[in-house]
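*Asks:* Have a look at this fold, sequence not included:
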């Protein structure tokens with residue numbers, strides 16, 4: 001049985017980012033040779049591509065995902081999409097997430113206050129949920145790959 005790797009879809013070359021672009025990470029396929037690669041983007045299926053940018057905003061001590069221009073709190077919608085993905089793919093040996101992403105960032109996502117000022121760096125929503133669920137998986141971002 002092949003090992004499974006969940007990878008942020010934009011790193012695989014999918015045009016799924018908020019701006020309609022990709023962040024293809026050269027060499028990622030070689031790095032994951034022998035794995036069944038499962039692309040992951042929780043934002044594109046529910047918000048479309050391109051879409052309004054989202055941010056992690058600390059509100060009353062809790063992280064919320066809020067659209068940049070319209071100020072809509074989309075935390076529950078995004079969380080539901082991530083939870084459906086986890087239910088569909090309950091096991092993974094390796095997870096590679098996109099750094100600085102409000103969904104996928106692993107310790108590198110800008111955390112904003114209600115005035116939209118950066119107050120810290122932390123995890124995106126998917127990274128938090130993945131760390132809770134995939135406790136036996138190696139989770140990192142593309143910056144940790146040696147090419």
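*Replies:* Nice, thanks for sending it over. Values in this document were obtained by computation on a predicted structure and should not be read as measured data.

*Asks:* Only C-alpha atoms from now on, for both contacts and neighbour counts.
*Replies:* Noted.

*Asks:* Could you list the low-pLDDT ranges of this structure?
*Replies:* Within the chain, the segments meeting pLDDT under 70 span 146-147.

*Asks:* for it, what spans make up the strands?
*Replies:* Secondary structure of the chain, counting by DSSP state E: strands at 3-8, 35-40, 54-59, 62-67, 94-97, 109-112, 118-122, 138-141.

*Asks:* looking at the ones you listed, which is buried most?
*Replies:* With neighbours defined by mean count of other CA atoms under 10 Å, none of the strands of the chain is more surrounded on average than strand 94-97, at a mean of 24.

*Asks:* Quick check: the gap between the residue nearest the centre of the chain and residue 34.
*Replies:* Averaging the C-alpha coordinates of the chain gives a centre point, and the residue nearest to it by CA atoms, centre = their mean is residue 104 (2.0 Å). Using CA to CA, to the nearest Å, residue 104 is found at 23 Å from residue 34.

*Asks:* what's the answer for residue 115, then?
*Replies:* Remark: distance between residue 115 and residue 34 (CA to CA) = 46 Å.

*Asks:* ditto for residue 89
*Replies:* Between residue 89 and residue 34 the distance is 18 Å, computed by CA to CA.

*Asks:* Who are the packing partners of the longest helix anywhere in the chain?
*Replies:* With DSSP state H applied, the helix covering the greatest number of residues in the chain is identified as helix 75-88. Here helix 75-88 touches helix 43-47, strand 62-67, helix 125-133, going by 3 or more CA pairs under 8 Å, 6 or more residues apart in numbering; DSSP states H and E.
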